[in-house]
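Student: structure for this input, please:
(chains A and B)
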Amino acid sequence: MKGVQIQPAMPRSWRPETKPHKFCPGCGHGIVLKALGEAIDELEIQDRVVFGCDIGCSLLAWDFFNVDTVQTHHGRTTPVMVGMKRANPELIVVAYMGDGGGYAIGTQHLVNAATRNDRITVILVNNTQYGMTGGQMAPTTLPGQKTETTPFGRDPELTGYPIQGPEMVASITRDGAYVARGTVAKPRQLKGFIKRALQNQMAGRGFSFVEALSTCPTNWRTNAEDTWKFIEKEMTKYFKVGEVKVPPELARGKGEREDG
Amino acid sequence: MPAKPKPVEGEKKVFMTGNEVVAWAAAAAGAECMYGYPITPQNEIMHYWTRLAPKFGLIFLQTEDELAAGFTMLGGVLAGRKSFTATAGPGNTLMQEPLSMAEMMRLPAVVVIQQRGGPSTGQVVYSQQEVTLTSLGGNGEGLRVVYSTSSHQDLYDYTIKAFNTAWRYRFPTFVLGDGYQGKMREPVVMYDPELRGVELVPAEPYVGRPGTPGVDRPPAHLRNAYSIEEELYEAVMELVREYEKVAPEIVEHEAFGVDGARVVAVAHGVVFRAVKGVVRELRQQGVPVGYFRPITLRPFPADALRRVAATGVRLLVVESAYGQLARLVKEALSGLPAEVHGLYKPGVLVGQGEIATRIKTLVQGG
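Tutor: Coordinates of the predicted model:
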């Protein structure tokens, strides 16, 4: 008998050869991707999912799953997955991006894919700044928050207030779209949202969008306690966690708990 | 399931605009997806494609901009369908972003460019000013194929060929026309390519192949980002080696009267038509002149042109741009003591009279 191997529990759809993953200690991406992996496992769609990742920290997920994956350009994951889904509607496509990719450089794609009700699932990780490039202001940066390009804090008079992404998507989509905001502070709830976003695509109902509040202690320059405080207390002042838009047909999964 | 009807059956002579020709040719080549954004002078390609779509089961999406047109096209390619887009001018500028991804990832994207005047918004009618951008655009090494058409028959033939080249060699492929070619009507023979022995290279999916990734087969992990310089260097050099290996199979040109010529006129696209007429007429009058037409601007027919230039002729580059073709010519002739003269008319056609005058002056040593 071989020696006991202790391995952390991983979703089946993860690719063990590429673990441990490449995200910084304390980064929330791993939790979002675990939620996605578990949702893929539970829905048994590993053979049909295509995962598209953007530029920014999300690109580090290019070999994360045992799932066909394409890493695209900054902001362009949405159109790549739209073109793919329309060319082969049998695929279940996931566009994975950060707040810069989805809400700044790729906003036109997000807005138009939502308006067209493209049958894709977008997962957008909101950690209030540009991580990969070293912590610049994003459309999601909180008022007063210090970043490399707002060293004295974001001044809403000059640069506005944090974008309300899911609320915007909800307001421009029709019935059939699914829109939610989860948080890595509530992983079970987040997994439920992602699962429902995938189910909504599988049912061919419409555009499915989940924003995930996430942590970036590296650029926030926070310790564990302050990191947790920021995501749970500060971010939620501007970003309300919960489902924003649910198609009437999307019945609650049995045993799913809303609040983790 | 009944077989889909073929868009072009047999062979027929038609009289139509170049943009309409492109739509038919793409369908005849087995293209299934067009993603596009309006910009003059290529709009009618979309207009005709959308009319062909229901009859032949074709996919179309009008996107939010050319970036999206290009990237949705790449999504279609990744899903395993022959996909294309068409654009011009500022749209071509934006198109370079998705096409550089296609270059890095060897995605067989096909793009039809109907050149308009530039820089900037310029004019919507005509130019040959997108040669540099189309041949060498993007933040890379210009590893793409560019066919420059000069007639509607070319548009038909080379649109079909573009899909075959793209899917055979997996480098992004352009058909470089212009607004005059797109908008004017002329006779063209449309044909079922397979009846002429043109085998259509099949498309294949990059993602979503049968089986569960990691269980039945390795996952497709497709990327264009690399961590360190050396890693990217290896990837780029592999692309370059592959491109240089296949370039001799792709490169095309046509030439006439170059043996014994004192002047050889070099032109592409519709300007070539004017040059061809002038040269043939002057030849009949006994003037020692020939022409050289690069059909592929990338890869450029450098060896063939060097052989022409090595005979000591004077070259006259004629183009509706300020020396963009001439730059490719001069690079190809690097190291040869060839004289390269230019007749540059950015954004306007070049008249046969002025071409003839310049040729005669050069022949007489002026």
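Student: which of the helices or strands spans A:Val122?
Tutor: strand A:121-126 (DSSP states H and E).
Student: near chain A, which residues of the stretch 101-250 of chain B?
Tutor: Within the stretch 101-250 of chain B, the positions adjacent to chain A are B:101, B:205-209, B:211-215, B:219-225 by Cβ under 8 Å from any Cβ of the partner chain. Any C-beta I mention is one placed from the backbone N, CA and C, and that applies to glycine too.
Student: filter those residues down to the buried ones, PyMOL style.
Tutor: Under the burial definition 16 or more other Cβ atoms under 10 Å in any protein chain shown, those of those that qualify are selected in PyMOL by:
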select buried, chain B and resi 101+205+206+207+208+212+213+214+219+220+221+222+223+224
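Student: from the residues of the stretch 101-250 of chain B next to chain A, which land in helices?
Tutor: Of these, the ones assigned to helices by DSSP state H are B:Met101.
Student: what residues does the stretch 101-250 of chain A put near chain B?
Tutor: Residues of the stretch 101-250 of chain A lying near chain B (Cβ under 8 Å from any Cβ): A:108-109, A:111-112.
Student: by neighbours, which of those wins?
Tutor: Within those, A:His109 tops the neighbour count with 30 neighbours, counted by other Cβ atoms under 10 Å in any protein chain shown.
Student: which SS state does B:Thr85 fall under?
Tutor: strand (DSSP: H, G, I helix; E, B strand; the rest coil).
Student: just give the closest residue to the closest residue to chain A within the stretch 201-350 of chain B, not the sequence neighbours.
Tutor: Closest residue of the stretch 201-350 of chain B to chain A, Cβ to the nearest Cβ: B:Gly214 (2.7 Å). Computed as Cβ to Cβ, 6 or more residues apart in numbering or on different chains, the closest residue to B:Gly214 that is not its neighbour in sequence is A:Asn66, at 2.7 Å.
Student: the stretch 101-250 of chain A: helices as residue ranges?
Tutor: A:107-115, A:156-159, A:165-172, A:187-202, A:217-220, A:224-229, A:235-238 (DSSP state H, counting those that start in this stretch).
Student: B:Ala310: which of those helices is closest?
Tutor: helix A:107-115 (51.3 Å; Cβ to Cβ).
Student: run the angle between that closest one and strand A:121-126 for me.
Tutor: Helix A:107-115 runs at 140 degrees relative to strand A:121-126, counting by axes from the mean of the first three to the mean of the last three Cα atoms, to 10 degrees.
Student: I'd like to know which elements helix A:107-115 is packed against.
Tutor: helix A:77-87, helix A:165-172, helix B:66-78 (3 or more Cβ pairs under 8 Å, 6 or more residues apart in numbering or on different chains; DSSP states H and E).
Student: identify the farthest-apart pair in the residues of the stretch 101-250 of chain A next to chain B.
Tutor: A:His109 and A:Val111 (7.4 Å).
Student: shared neighbours of those two, anything?
Tutor: B:Glu64 (Cβ atoms under 8 Å, 6 or more residues apart in numbering or on different chains).
Student: okay, now B:Glu354: neighbour count?
Tutor: B:Glu354: 14 surrounding residues under other Cβ under 10 Å.
Student: wait, I meant A:Glu44
Tutor: A:Glu44: 11 neighbours (other Cβ under 10 Å).
Student: and the pLDDT at it?
Tutor: Per-residue pLDDT puts A:Glu44 at 98.
Student: if we can go back for a sec, quick one: closest of the helices of the stretch 101-250 of chain A to A:Leu250.
Tutor: Using Cβ to Cβ, these put helix A:187-202 closest to A:Leu250, at 5.8 Å.
Student: now the angle from the closest one to strand A:121-126?
Tutor: Using the same axes, to 10 degrees: helix A:187-202 against strand A:121-126 is 150 degrees.
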